[in-house]
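> give me coordinates for this.
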Amino acid sequence: MDLIMPDMDGVEATRQIMAHSPCAILVVTASVRENTPKVFEAMGAGALDAVNTPVLGASGTGKGRTALLAKLDTVKMLLRGQARLDAALGKPKPCAHDHPEQQLIAIGASTGGPAALAEVLGALPQDIPAAIVVIQHVDEQFVASFAEWLGGRTQLPVRLAQEGEAPRPGTVLVAGRHDHLVLKADQRLGYRAEPVDYPYRPSVNAFFSSLVAHWRGEVTGVLLTGMGRDGAEGLLALRGQGWHTLAQDMATSAVYGMPKAAAELDAAVSILPLGAIGGSIANRHKKHKVAAERGS
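So this is what the prediction gives:
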């Protein structure tokens, strides 16, 4: 789907197609970086990804050809459901959750995720006592622009997660590489390539599973709109630790794939419309904050 078109642009076309005849949509535009706001609007409306339009040369193979073909291969893998993460990750060994005052909100999203994330994060207060980590399936080449775009839609500071840093209360960290973002045993974040053949990059399952293995505090796990099943089994693992888990409902999902998979596994404690998720998270962590203040 071209992004810049007369009469009806790619954003509105994507919105109407997803409403009436949903299918996999790859956005192409002359410059993803120069059209960042519209790119994320299109992805929020249900587009899977975006790529620069190839420039044809005299030989018929121009700049951008390889990138476009790689994106199409990824879409094909997603549609065929060939991705398998379990064997590569293994079953995480639960960590002792001995620091309940340490709170983390882990949010996974894919197709339709930018708009959904903007709404959820926009509903969170500036003084929320939890760290927030976002895993959104987005190409590494414009993830910095995505973080900047998202930061303009919430009171909270938003930036890319850096290798070796620890999640901090009141700050939103966005997975910022093609590799998978994970939490390590020292409670710091890191990136790893494995599994290398997994088309969901970065993987929500990889991050959720690492929390089960290493996070010592409390977690609220959230799975938003997206194609496929990434995050569903990870959300179930979070629930298995007694942590609170949420999934977006069918009616408000641009693509009811990932949340549906979570619902089928009974991985979510609550299934909520998008408009209620941010408030639910805020209320839950407000209660944690009040309880902690009373305890001190």
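
> quick one: end-to-end length of stretch 194-213, please.
16 Å (CA to CA, to the nearest Å).

> no, scratch that, I was asking about stretch 172-189
13 Å.

> now do the buried residues in that stretch.
172-177, 179-183, 187, 189 (16 or more other CB atoms under 10 Å). Any C-beta I mention is one placed from the backbone N, CA and C, and that applies to glycine too.

> what residues go with each domain of this protein?
10-80, 91-295 (automatic domain parsing).

> now the longest one: average pLDDT?
Model confidence over domain 91-295 averages 91 on the pLDDT scale.

> I'd say residue 154 and residue 174 touch.
No. Shown here, residue 154 and residue 174 do not form a contact pair, counting by CB atoms under 8 Å, at 11.5 Å.

> just to revisit the earlier point, please identify the most buried of the domains of the chain.
Neighbour counts (mean count of other CB atoms under 10 Å) averaged over each of the domains of the chain peak at domain 91-295, with a mean of 20.

> all helices for the stretch 1-150 of the chain, in order.
Here the stretch 1-150 of the chain has its helices, by DSSP state H, counting those that start in this stretch, at 10-20, 36-45, 65-80, 86-89, 113-122, 143-151.

> now distance to residue 237 too, for these, in CSV please.
Shown next, in CSV, are these (distance: least, CB to CB, whole Å):
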stretch, distance to residue 237
helix 10-20, 30
helix 36-45, 27
helix 65-80, 22
helix 86-89, 10
helix 113-122, 21
helix 143-151, 25
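
> so which of those gets nearest residue 212?
Residue 212 lies closest to helix 86-89 among the helices of the stretch 1-150 of the chain, at 10.4 Å (CB to CB).

> tabulate the buried residues of stretch 172-189 (JSON lines), appending distance to residue 263.
Below are those laid out as JSON lines (distance: CB to CB, whole Å):
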{"residue": "172", "distance to residue 263": "26"}
{"residue": "173", "distance to residue 263": "27"}
{"residue": "174", "distance to residue 263": "25"}
{"residue": "175", "distance to residue 263": "24"}
{"residue": "176", "distance to residue 263": "29"}
{"residue": "177", "distance to residue 263": "30"}
{"residue": "179", "distance to residue 263": "29"}
{"residue": "180", "distance to residue 263": "24"}
{"residue": "181", "distance to residue 263": "25"}
{"residue": "182", "distance to residue 263": "25"}
{"residue": "183", "distance to residue 263": "25"}
{"residue": "187", "distance to residue 263": "31"}
{"residue": "189", "distance to residue 263": "29"}
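
> so which of these are in strands?
Using DSSP state E, the subset of the buried residues of stretch 172-189 located in strands is 172, 173, 174, 180, 181, 182, 183, 189.

> separation between the closest residue to the last one other than its chain neighbours and residue 232?
Setting aside the residues directly before and after it, residue 189 is nearest to residue 161 in space (CB to CB, 6 or more residues apart in numbering), at 5.1 Å. Between residue 161 and residue 232 the computed distance is 22 Å (CB to CB, to the nearest Å).

> what's the answer for residue 222, then?
Where residue 232 is concerned, residue 222 sits at a distance of 12 Å (CB to CB).

> over to residue 191?
22 Å.

> wait, isn't residue 123 in contact with residue 278?
Yes. At 2.5 Å, residue 123 counts as touching residue 278 under the criterion of CB under 8 Å.
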